[in-house]
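*Asks:* Just the structure for this:
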Amino acid sequence: MATVGTDRVHVVRNSDTYEGKQGLTYFTGISKESTGSKGVCLHALNIPPSGRANAHYHDGHESAIYMLSGHAEQLWGDQLENHDEIFPGDYVYIPSGVPHVVMNASSTEPIMAVIARTDPNEQESVVLTPELEARVDEFLKNRK
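*Replies:* You can find the predicted model right below:
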């Protein structure tokens, strides 16, 4: 049963965007900032051809991703030593505190994904790991 008072249903139109600490543009979705959410954040993400996130992790919060379109590569682990390829229809789970970076593997097609986190704040739990950027650069250099 619905609660009486300030709780209400929100419809958020997918038109506004914001720049994340990760270096990517997110579509405004469900978050503490947009709806007053208390336990979840849900956004759409478009990664342009050859685009990539900055290496980071989410402190104290899990992430779940559903890949709608495109071909991504992901490095993850303490030293970004693990590699996955992600395709449309794939689900990705990222535990709290695990460093990771996602990259668009295509130089011509964008990626579209839906991302949910247990942190209702859009960016509060994002912790950049600039010390891992050299590992990403090395991976990209050797991939070509």
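
*Asks:* Name the nearest residue to Gly20, ignoring sequence neighbours.
*Replies:* Closest residue to Gly20 apart from its sequence neighbours, by C-beta to C-beta, 6 or more residues apart in numbering: Tyr26 at 5.3 Å. For every residue, glycine as well, the C-beta is placed using N, CA and C.

*Asks:* For that neighbour, the count of nearby residues, please.
*Replies:* Residues near Tyr26, counting by other C-beta atoms under 10 Å, number 20.

*Asks:* before we move on, which element is it in?
*Replies:* Using DSSP states H and E, Tyr26 falls within strand 25-30.

*Asks:* quick one: contacts for the spatially most central residue of the chain?
*Replies:* By C-alpha atoms, centre = their mean, the chain has its centre lying nearest to Ile115, at 5.6 Å. Ile115 makes contact with 26, 41-45, 63-65, according to C-beta atoms under 8 Å, 6 or more residues apart in numbering.

*Asks:* swap in Leu128?
*Replies:* Taking C-beta under 8 Å, 6+ apart, we find Leu128 in contact with 21-22, 54-56.

*Asks:* Give me the buried positions along the top helix by length along the chain.
*Replies:* Assignment by DSSP state H gives helix 133-143 as the longest helix of the chain. Of all the residues in helix 133-143, those buried under the rule 16 or more other C-beta atoms under 10 Å are 135-136.

*Asks:* where does this structure have low pLDDT?
*Replies:* By pLDDT under 70, the weakly predicted segments of the chain are 1-6, 144.
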